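In: Would you be able to build a 3D model of this:
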Amino acid sequence: MTLALRDLQRAKTVLSPAIGGSVGNAVTQIAKAQGAKHAISTTTNHSKAQQARSLGFDEVIDLSVEKLRDGVRRITEGYGADIVIDAMGGEILSESLGALSIGGSLTTLGYAAGRKTTIDVRISSGAR
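Out: Now for the predicted structure:
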């Protein structure tokens, strides 16, 4: 995680799913503090998204109404995430790969949603 945190700087887009978890919350706060262009996280319902926004997290994707990739593309105007730091695993890991920009990096820290995932190789990263 140290290598990725070093790169959370201005002009970078950082995605860390699960704003309600300690990793998602911490990475999003650190990315904002380091001046990342976008510090994006996710939640699974509308009330949690509203709560996160009330706490100052401006770029929260509500997964109950929008797919992760679509939310990242909307926020970044099609660019994608330069850095993904994922502590969830499972299906979110596969979705996070599809949200990466061309040349983006993914770091996994845990598997709260499961250790197994299926990656659809037809999903291309980077829509630039």
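In: what's near enough to touch residue 96?
Out: 15, 17, 68, 81, 84, 86, 106 (C-beta atoms under 8 Å, 6 or more residues apart in numbering). Every residue, glycine included, has its C-beta placed from N, CA and C.
In: at 7 Å what do you get?
Out: Going by C-beta atoms under 7 Å, 6 or more residues apart in numbering, residue 96 touches 15, 17, 68, 84, 86, 106.
In: can you pick the most crowded of those residues?
Out: Among these, the one with the most neighbours (other C-beta atoms under 10 Å) is residue 15, at 32 neighbours.
In: before we move on, the earlier item: greatest separation within the contacts of residue 96: which pair is it?
Out: The largest separation in the contacts of residue 96, counting by C-beta to C-beta, is between 68 and 106 at 12.8 Å.
In: Helices of this protein, residue ranges please.
Out: 2-6, 22-33, 46-54, 68-75, 90-98 (DSSP state H).
In: So for residue 61, which of those helices sits nearest?
Out: Closest among the helices of the chain, using C-beta to C-beta: helix 68-75, at 3.3 Å.
In: Tell me which of the helices of the chain lies nearest to residue 40.
Out: helix 68-75 (5.9 Å).
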